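output the structure for:
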Amino acid sequence: MGGLRGFREEQEMSEGEPHSPAWLTLGAASRLLGVSESTIRRWADSGEIRSFRTAGGHRRVAADDIRAIVEQSGQRAASGADRIGSLALARVRRRLARTRGTPLMAHLQSLDEESKERLRLLGRQLVDLFARCIASGARHERYAEDARAIGREYGRVLAQAGVGIGTAVSIFNRLRRSLEETASQTATEAHLPAERAVEAIEHVLELADVVLEGMADLYESLMPVQAGSARSRNP
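As a prediction, the model looks like this:
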C-alpha cells in the first residue's frame, strides 16, 4: 500500500477537479490499497466506501474512507499475510461498524474498558491468524493450537464479565460471519488461484470451529464452579 505519503501524492494528482481533496479516482484508490479497481468499485457499490459519479460518468471515492483503510493497515506496504491481514481487518471493522446499533453490539459496549480492549486485541489476533492461514495455504491443523487458545481467552474475558455462554456464542458468531465473508472476498482480492482460494476458505471455516470449541471448553471448565456457587446461594 502507498501509505499516507502516497495518499497525499494521489490527492495532489487529483487537483483541478471540483472538491478534489475529498475524492479520489478509482485508479488512485487502487494504487494506494494494492487492490484492483473492480474491488474498489464493488466496495463502493455495497456502500462500504462513499462514492459519486462526475458529470462525465466517472466514479470517485471518498478520500477519507481510503485514508482510514490506509491507516488501519499500519501505514506501510504489506505483502503475503500482512497484506491479507490488512485487507481483512479493515473489512471486518467496516462490517462490525454497521452493526453497532444491534442488541449484541450494545451488550459488548456495556463491558468495562479493560474487557473491551482485551476483546479488540483478540479480534486482531484472530484476523491475523486467519490471514496467515490464507496466505500460507497450509491446512488448518497447523494453526489449531493458536485458534483454540484464542477461543479460550475469548471465553475467559466474556465469562469474567458475566456474559453467559449463549450470549458469548452469539457474539462470536457475529464476528465469525464477518470473518467468513471477509475470508472469501480477501482471498479473491489477494489474487489467489481459484482452487487455492476455495481451500483457504475451507481452512478458515475449520479454524473458526476450533475457536468456538476453545470458547466452549473454557465455559465447560467453569461449570462445576458455577454450579457450586449456585448451590451455596440456594441451600
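
show me what the lengthiest helix in the chain is packed up against.
Among the segments of the chain that qualify as a helix by DSSP state H, the longest is helix 194-233. Contacts defined by 3 or more C-beta pairs under 8 Å, 6 or more residues apart in numbering; DSSP states H and E place helix 194-233 against helix 113-136, helix 144-160, helix 165-189. Backbone N, C-alpha and C define where each C-beta goes, glycine included.

contacting residues for S115?
V157, L158, Q160, A161 (C-beta atoms under 8 Å, 6 or more residues apart in numbering).

before we move on, back to that, which among the helices and strands packed on helix 194-233 is found nearest to I40?
Set against I40 and scored by C-beta to C-beta, those come closest in helix 165-189, at 10.1 Å.

re earlier: so which bits of the longest helix of the chain are buried?
197, 199-201, 203-204, 206-208, 210-212, 214-216, 218-219, 222 (16 or more other C-beta atoms under 10 Å).

before we move on, what about stretch 164-178?
In stretch 164-178, counting by 16+ other C-beta under 10 Å, buried: I165, A168, V169, I171, F172, R174, L175, R176, S178.

quick one: the second one from S46, how far?
I take that to be A168. 29 Å (C-beta to C-beta, to the nearest Å).

ok, back up a step: neighbour-wise, which one of the contacts of S115 leads?
Counting neighbours by other C-beta atoms under 10 Å, L158 leads these with 26 neighbours.

ok, the spatially closest residue to it that is not a sequence neighbour to W43 distance?
Nearest residue to L158 in three dimensions, chain neighbours excluded: A168, at 4.4 Å (C-beta to C-beta, 6 or more residues apart in numbering). In this view, A168 and W43 are 31 Å apart by C-beta to C-beta.
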